[in-house]
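In: Got a sequence here, can you build the structure:
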Amino acid sequence: MSKYMDEYRAAEDKKYLRGNLDTHIMKEDVSRSFNFRRQDGSSFYFFNLTWSRGKISISGDMGEIIFTHWNAMPTFEAAIVWAHNAELQYLLDKSNKQHVYDARKTAENIIADANSEVIMAINGYYDTKYTKDPETGKHTPVKILRYKGMRQELAACRKGEMEREDVEDVYVTEKIGSVDSFRSCLRAQEDPRAVWSIFDCWDKWAAIWKALDGFGLDTDFRDEEFPKILKSDYRRQMRKAIMTECETSESAANLCFRMGADDPDLYYDYSHNDFALAAAMRWACGKLIEAGVVTLPQQEAA
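Out: Alright, predicted model coming up:
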C-alpha cells in the first residue's frame, strides 16, 4: 500500500511540476530570526521577525506579512536598515498584502468633495505663493486671496466698503413659481433649479440628496425637504446615510452612479492591520539597531 501511494504521489507531482525541478539541488540557506514578546511571557502582540535572502517577515499574534525586495535585502544587516528607513506605504507596496475597499474613506471623500465648493463660497479661494528671504534663502508660504467669499464680503460690510444687500448669502434659497407650474413638472425630477433658486456651490449636495434613500431618491426636487440641505444638522443626517450607503463597494458604486458619476470614486488602500504590521516591522528593526545587533552605515563610519 505504501509503495502504491509513493508511486501515486510521484505521478501526481510530475503532472503538476512537469520536470521543472529535476535539476534542482538542495542547499541550506542563511537566515536569522528574533522573537518579540512581553516580559511576562504573554502572547499578546507576540511576533517573530525572520530574514532570509531577499525577504523579511513577521508572524504572530498581530498576523503575518512578508516583505520582498531582492536587491535591498541581500544580507540581514541590509534588510534591517532598509525596513527601518522605509515609509510604511512603500513597505506595504513591497509586501504580500493587497489593497482592500475602505468604506470610511470612500464616504469621507464624497462628503469632502461636496463640502469643498461650499467652503470656497463661504471662505473664498486662496493661492499659496512662496517668498524667498534674500538673506537666509528660506522660503515662506504666503496666502493670496483670489476670489472673495461670503466671509470676506461680510467683513467688507462691517468696514463700510459694501452694502449688506450686495452680499451673496449662500444660505438663501427661494421657491420658483408654483408647485404645479409647467416648468417645474417637466424638470423637477432632475434639476433643482426648476423649483428652487440656490447657489451653485450646493449642486453636489443636491445630487447627493437626490441619490440618497430616505431623502430624495423616491421623490423630486419639488419636495419641501430639499432646502434643508443648507442646514448643518440636516447634512449631518445625510452624512450618516452616506456612511451607511458606503458600507460595501457595491452600494457605494450605486450611490455614485445615482449622483451622476460616470466612474465611481471608491477608495482602496491597505487595511489598518496591514499598516500596523508594517509599523511593527519598522519598530522591531529599530530595536535591533538600538541593541547593536545591526549597525547603521553612519555609525560604522564614526
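In: what distance separates whatever helix or strand E108 lives in from the middle of the whole chain?
Out: Taking DSSP states H and E as the criterion, E108 maps to helix 103-123. Relative to its parent chain, helix 103-123 has a centroid offset of 14 Å by C-alpha atoms, centre = their mean, to the nearest Å.
In: Can you pull the poorly scored residue ranges out of the chain?
Out: Low-confidence segments of the chain (pLDDT under 70): 1, 177-187, 298-302.
In: quick revisit: in CSV, please show the C-alpha coordinates belonging to the helix holding E108.
Out: Backbone C-alpha positions of helix 103-123 (Å, rounded to 0.1, in the frame of the first residue of the first chain) are rendered in CSV as follows:
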residue,chain,number,x,y,z
ALA,A,103,-15.8,52.3,3.4
ARG,A,104,-14.9,55.1,5.8
LYS,A,105,-12.6,57.0,3.4
THR,A,106,-14.9,56.5,0.5
ALA,A,107,-17.7,58.1,2.4
GLU,A,108,-15.4,60.9,3.7
ASN,A,109,-14.2,61.6,0.2
ILE,A,110,-17.8,62.0,-1.1
ILE,A,111,-18.6,64.4,1.8
ALA,A,112,-15.4,66.4,1.4
ASP,A,113,-16.0,66.8,-2.3
ALA,A,114,-19.5,68.1,-1.7
ASN,A,115,-18.2,70.5,1.0
SER,A,116,-15.3,71.9,-1.0
GLU,A,117,-17.3,74.3,-3.1
VAL,A,118,-19.5,75.4,-0.2
ILE,A,119,-16.4,76.1,1.9
MET,A,120,-14.9,78.1,-1.0
ALA,A,121,-18.1,80.1,-1.5
ILE,A,122,-18.0,81.0,2.2
ASN,A,123,-14.3,81.4,2.9
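In: same for that helix, what does it pack against?
Out: Of the remaining helices and strands, those touching helix 103-123 by 3 or more C-beta pairs under 8 Å, 6 or more residues apart in numbering; DSSP states H and E are helix 150-158, helix 203-211, helix 232-245, helix 249-258. Glycine gets a C-beta too; all of them are placed from N, C-alpha and C.
In: and those helices as CSV, adding distance to E87?
Out: Putting these into CSV (distance: least, C-beta to C-beta, whole Å) gives the following:
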stretch, distance to E87
helix 150-158, 37
helix 203-211, 33
helix 232-245, 29
helix 249-258, 27
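In: Mean neighbour count for these - can I get that in JSON lines?
Out: Below are the helices and strands packed on helix 103-123 laid out as JSON lines (neighbours: other C-beta atoms under 10 Å):
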{"stretch": "helix 150-158", "mean neighbour count": "14"}
{"stretch": "helix 203-211", "mean neighbour count": "21"}
{"stretch": "helix 232-245", "mean neighbour count": "15"}
{"stretch": "helix 249-258", "mean neighbour count": "17"}
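In: List phi and psi for R282.
Out: Main-chain dihedrals, R282, degrees, to the nearest 10: phi -60, psi -40.
In: Report the contact partners of it.
Out: Applying C-beta atoms under 8 Å, 6 or more residues apart in numbering to R282 gives the contacts 83-84, 86, 88, 91.
In: rerun that using 7 Å as the cut-off
Out: Residues in contact with R282 (C-beta atoms under 7 Å, 6 or more residues apart in numbering) are 83-84.
In: quick one: the strands in the stretch 51-200 of the chain?
Out: 55-60, 63-68, 100-101, 125-132, 139-147, 174-175, 196-197 (DSSP state E, counting those that start in this stretch).
In: Nearest to N48, out of those strands?
Out: strand 55-60 (5.7 Å; C-beta to C-beta).
In: what's around the closest residue to R146 other than its chain neighbours, how many residues?
Out: Among residues not flanking R146 along the chain, Y125 sits closest, at 4.9 Å (C-beta to C-beta, 6 or more residues apart in numbering). Neighbour count for Y125, taken as other C-beta atoms under 10 Å: 13.
In: try the one 4 residues further on
Out: Burial of K129, expressed as a neighbour count using other C-beta under 10 Å, amounts to 11.
In: do the same with L21
Out: 8.
In: For it, grab phi and psi.
Out: phi -110, psi 10.
In: Distance check, it against K27.
Out: Distance, L21 to K27, by C-beta to C-beta, to the nearest Å: 14 Å.
In: Kindly report the same for R38.
Out: With C-beta to C-beta as the criterion, R38 and K27 are 37 Å apart.
In: Which residue is the nearest non-sequential neighbour of the residue nearest in space to the middle of the chain?
Out: Central residue of the chain (C-alpha atoms, centre = their mean): K105, 5.2 Å from the mean position. Ranked by C-beta to C-beta, 6+ apart and with sequence neighbours excluded, the top spatial neighbour of K105 is Y267, at 4.1 Å.
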